[in-house]
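# got a structure for you, letters missing:
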């Protein structure tokens, strides 16, 4: 790696830092959006569950780079000059919210039907049933797939490169443009992504096995 | 907000958009076909192969699934350029997509293979079938049939993933959108149009694959009718 200096490496790591920032934003935003989406999707109100279902289908039917572009150009025509971080964060929030909402909806529905009936027998209100009976159990089921989805968020944050967000993908590309050592540069970038994602993948599959046993 | 929406670019650039759609479809169909074939071979290797082959496939799957597709595409595309190998963007893009989607398909088909009851394998062996015939005629069709909903979702995701190949200068739908945007500065409208086109494409792909599955797996239909 004759062309790569310490400065280049530091530059790549700086991008990696922004990848972590963007992933954290996407996950927090996605979780905040995912809870109401999951609740609305499993609601008995047909209008509510259908309209959130439409939102989910739109997000799942459009590539994330295109969502990034729509948000990026959308907020710029609304007259705000917001940095790419905000646009990328909002796009990733919409993306993660839709997928987490669907995952968590599945977890809510995985709670045995009899639990709802038992709660009804105890004369709990719907809100009490949700808070004390269903959500604690659904939460346990939700942990492994949620950790697994974190990997998707970290990996897919790389799509923010299309709107010029300075993340690990962007910084490694810049270094490649000046050094033209693609195998070295992109192997380093891949290893950094791997170091972030692989522990999460392992944790997710370990949790999955653990919860399956119980 | 006094923004005036302006979709007039559609009148002049619908031809470009259609050609982008064409490339997106070609890229998707090629990658799905090749990715499925590679995934099936890898899954069989992962379950029935020699220990070293099983381990190699497991490493490949872990490596691909824990790194972004963009980085894989850059590695391949810029890497080949550094080796002075010139390949058309479409070829590089399809290759990157196949390498990527095969890893996911491997895991899906492997889960399918592992869910087939052992009795099926024993029964087929009792008929004196060779090992590869058992896998090919008995295990694999059942595994694929069982997993086809997951496979369809994976292939729709893959079709959407073609959009990132604009970054390695493949002139697919997203790249066309970007080009029109830089000519007309109507980014918001253009990407709404592009998003709608992708929505239609993913809906069509899902529908086609569901219909295909209905023809390929008539047994499921019979079983459903009996219930």
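Here it is on my side, so go on. Because the structure is a prediction, the values reported are computed rather than measured.
# close enough to count as contact, residue B:72 and residue B:64?
Yes - the criterion here is CB atoms under 8 Å, and residue B:72 meets it with residue B:64 at 7.0 Å. Yep, even glycine has a C-beta here, placed from its N, CA and C like the rest.
# which stretches of chain A aren't confidently modelled?
Where chain A drops to pLDDT under 70, the residues are A:1-2, A:214.
# and the biggest helix by length in chain B, average pLDDT?
Ranked by number of residues, the top helix in chain B under DSSP state H is helix B:9-48. Helix B:9-48 comes out with an average pLDDT of 94.
# Quick check: buried residues in it?
Neighbour-count burial for helix B:9-48, with 16 or more other CB atoms under 10 Å in any protein chain shown as criterion, is recorded at B:9, B:13, B:16-17, B:20-21, B:23-25, B:27-28, B:30-32, B:34-36, B:38-40, B:42-47.
# Check stretch A:114-126 too.
A:116, A:119, A:124.
# Please apply the same query to stretch A:153-166.
So, applying 16+ other CB under 10 Å, buried residues of stretch A:153-166: A:153-163, A:165-166.
# Let me see the residues that make contact with stretch A:75-82.
Here stretch A:75-82 makes contact (CB atoms under 8 Å, 6 or more residues apart in numbering or on different chains) with A:86-87, A:90, B:1, B:3, B:187-188.
# Show me the contact partners of stretch A:34-46.
Residues contacting stretch A:34-46 (CB under 8 Å, 6+ apart): A:48-49, A:51-53, A:55-56, A:96-105, A:107-109, A:130.
# Now with 10 Å, please.
A:27, A:30, A:47-53, A:55-56, A:59, A:93, A:96-109, A:111, A:126, A:130, A:134-135, A:138, A:142, A:146, A:149 (CB atoms under 10 Å, 6 or more residues apart in numbering or on different chains).
# circling back: restricted to helices, list the contacts of stretch A:75-82.
A:86-87, A:90, B:187-188.
# After the longest helix anywhere in chain A, which helix or strand is next?
Taking DSSP H as the criterion, chain A has its longest helix at helix A:6-41. As assigned by DSSP states H and E, the chain's next helix or strand after helix A:6-41 is helix A:46-61.
# How far does the following helix or strand past that next one sit from its chain's centre?
Using DSSP H and E, the next helix or strand after helix A:46-61 towards the C-terminus is helix A:64-77. Helix A:64-77 sits 17 Å away from the centroid of its parent chain (CA atoms, centre = their mean, to the nearest Å).
# so where's chain B shaky on pLDDT?
Residues of chain B that meet the cut-off, pLDDT under 70, sit at B:1-2, B:220-227.
# Of the buried residues of stretch A:114-126, which is the nearest to residue B:173?
Checking the buried residues of stretch A:114-126 against residue B:173 by CB to CB gives residue A:116 as the nearest, at 44.6 Å.
# for the closest one, what are its contacts?
A:124, A:126, A:129-130, A:133-134 are the contacts of residue A:116 under CB under 10 Å, 6+ apart.
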